[in-house]
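Q: the following comprises the amino acid sequence and a computationally predicted model.
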Amino acid sequence: MNIPHTDQQERNECYHWLSTIHDPEIPVLSIIDLGIVRKVELLSPRADQGIVSVTITATYTGCPAMDTIATLITMELLGKGYKKVEVVRAISPAWTTDWMSQAGKEKLKTYGIAPPDGRFQRPDDGISCPQCGSHNTRLLSEFGSTACKALLQCNDCAEPFDYFKCH
């Protein structure tokens, strides 16, 4: 199906606006960086009835930030002129850290959280410290500040840090 240029342009605007919404638990990441926005559908352009549907997938089942994110999406798009915003929560396919943008992974590191590293299927010793870059690290706890992160400590600079777990 060919999408008229105006619909694609409007959809791109929606993605841009969604990129200004930040994850409440990791404020350095937008919901686009995080990869939880799966789809934006224009059910009716703003110039008509103004109905948009946004499909999101939680990083973890039961993630407490999803209600806030859904509200932020609704408020943002209503503020841009849509009359109705539907936020659909999809559980399949399950979210994976592969959906995170490379820019998002770099933002995590700059923020002090070790980004997901595909070499580690579970948090373990040797994950690179976001503070000093050392691989001389050790796992302190399978769970960090949130369920999606583990807590590690660098043996060289002695700083504790979160690691965003792969899944």
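A: Right, received. Where do you want to start? Residues are numbered from 1 along each chain as shown.
Q: roughly how far apart are Y15 and V54?
A: Look at Y15 and V54: by C-beta to C-beta, to the nearest Å, they are 10 Å apart. In short, each C-beta sits where N, CA and C put it, glycine included.
Q: so what sits against both of the two?
A: Common contacts of Y15 and V54 (C-beta atoms under 8 Å, 6 or more residues apart in numbering): 37, 40.
Q: so which of those two has more stuff around it?
A: V54 (23 against 12; other C-beta atoms under 10 Å).
Q: I36 is in contact with the more buried one, correct?
A: No: V54 is not in contact with I36 according to C-beta atoms under 8 Å; the separation is 10.1 Å.
Q: what's the burial count for I91?
A: Neighbours of I91 under the rule other C-beta under 10 Å: 9.
Q: just the element for it, please.
A: For I91, there is no helix or strand it lies in under DSSP states H and E.
Q: tell me the SS of the spatially most distant residue from the centre of the chain?
A: Most distant residue from the mean C-alpha position of the chain: D48, 30.8 Å away (C-alpha atoms, centre = their mean). At D48 the chain is in coil, as set by DSSP: H, G, I helix; E, B strand; the rest coil.
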